[in-house]
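> sequence isn't available, so here's the structure alone:
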């Protein structure tokens, strides 16, 4: 295990190598594990990210800053950062976790990343930990839109349509599939003024609506880009502009697009 490589990736060399070892140690490996460091690192991460957002987005209010921070520090975001660091190769796991693929588990990787931040804080102070956090997040923030990051598909569709002075979409349950304990909902999303009719599927009504809204937003943006003048006219005939598609999600996770004529 080349811990120097990991320290290079982090941009921090530990004065106390024991802290680095502990941060990488899962509770399945030994009694000296990283859970307390994770607790510490979670608070440091939130504070450092809040500071970055406060400095970077001077015109954004508290509510939107909170939304941005929540999206940036959630498990999936931390997991993606851990993947870029190739953190899985440095984990110290017990035999059971190794056999069950714990080195790939998002929760373990995200927790370990937080533990590393806690260890850096103890090793060299808050500024050193904040510097590492900045190295994680500045490249991400350079590529995202703060106005939309963390907003769900239904909210984005609603805001888009309102900005174009178009009536809000309509959602209808078209069908349910499967047994009662594992039902899949098929949801229709209509934007009458644009002649848009799309379908989403998910393990709950909410998930199906989110899937349909994501697809409807994509279709609406394309329709208005191609024919902005037509979008401003009264409701077109369905035969002229009827658009259909279907998207599917599992649970409440973001939809994975699947276009097909219905």
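Thanks, I have it. Quick caveat, the model's predicted, so the values are computed rather than measured. Residues are numbered from 1 along each chain as shown.

> the helices in this protein, which residues?
3-10, 17-23, 35-56, 62-73, 75-84, 95-99, 106-124, 126-141, 153-163, 205-226, 228-232, 238-241 (DSSP state H).

> point out the most buried one among those helices.
Mean neighbour count (mean count of other Cβ atoms under 10 Å) peaks for helix 106-124 among the helices of the chain, with a mean of 23. All C-beta atoms are positioned from the backbone trio N, CA, C, and that covers glycine.

> low-scoring stretches of the stretch 151-262 of the chain, by residue?
227-262 (pLDDT under 70).

> can I see the domain layout of this protein?
Listed domain ranges for the chain are 3-141, 153-258 (source: automatic domain parsing).

> take the ones you listed and write them to JSON lines, including distance to residue 147.
Output for those, formatted as JSON lines (distance: least, Cβ to Cβ, whole Å):
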{"stretch": "domain 3-141", "distance to residue 147": "8"}
{"stretch": "domain 153-258", "distance to residue 147": "9"}
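
> still on that earlier bit, now the helices of the chain in JSON lines, with distance to residue 196?
Output for those, formatted as JSON lines (distance: least, Cβ to Cβ, whole Å):
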{"stretch": "helix 3-10", "distance to residue 196": "45"}
{"stretch": "helix 17-23", "distance to residue 196": "50"}
{"stretch": "helix 35-56", "distance to residue 196": "34"}
{"stretch": "helix 62-73", "distance to residue 196": "27"}
{"stretch": "helix 75-84", "distance to residue 196": "29"}
{"stretch": "helix 95-99", "distance to residue 196": "47"}
{"stretch": "helix 106-124", "distance to residue 196": "34"}
{"stretch": "helix 126-141", "distance to residue 196": "32"}
{"stretch": "helix 153-163", "distance to residue 196": "10"}
{"stretch": "helix 205-226", "distance to residue 196": "5"}
{"stretch": "helix 228-232", "distance to residue 196": "11"}
{"stretch": "helix 238-241", "distance to residue 196": "8"}
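
> now for those helices, which one comes closest to residue 174?
Closest approach to residue 174 among the helices of the chain (Cβ to Cβ): helix 205-226, 9.0 Å.

> helices or strands up against the closest one?
Applying 3 or more Cβ pairs under 8 Å, 6 or more residues apart in numbering; DSSP states H and E, we find helix 205-226 packed against helix 153-163, strand 170-177, strand 184-191, strand 196-202, helix 228-232, strand 246-248, strand 256-258.

> using JSON lines, lay out those together with distance to residue 216.
JSON lines is the format used below for the helices and strands packed on helix 205-226 (distance: least, Cβ to Cβ, whole Å):
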{"stretch": "helix 153-163", "distance to residue 216": "6"}
{"stretch": "strand 170-177", "distance to residue 216": "10"}
{"stretch": "strand 184-191", "distance to residue 216": "5"}
{"stretch": "strand 196-202", "distance to residue 216": "5"}
{"stretch": "helix 228-232", "distance to residue 216": "14"}
{"stretch": "strand 246-248", "distance to residue 216": "9"}
{"stretch": "strand 256-258", "distance to residue 216": "12"}
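
> between these, which gets nearest to residue 84?
strand 256-258 (21.8 Å).

> contacts only, for residue 121.
Contact partners of residue 121, counting by Cβ atoms under 8 Å, 6 or more residues apart in numbering, are 40-41, 44, 128-129.

> tell me the one among those nearest to residue 189.
Set against residue 189, the nearest of the contacts of residue 121 by Cβ to Cβ is residue 41 (40.5 Å).
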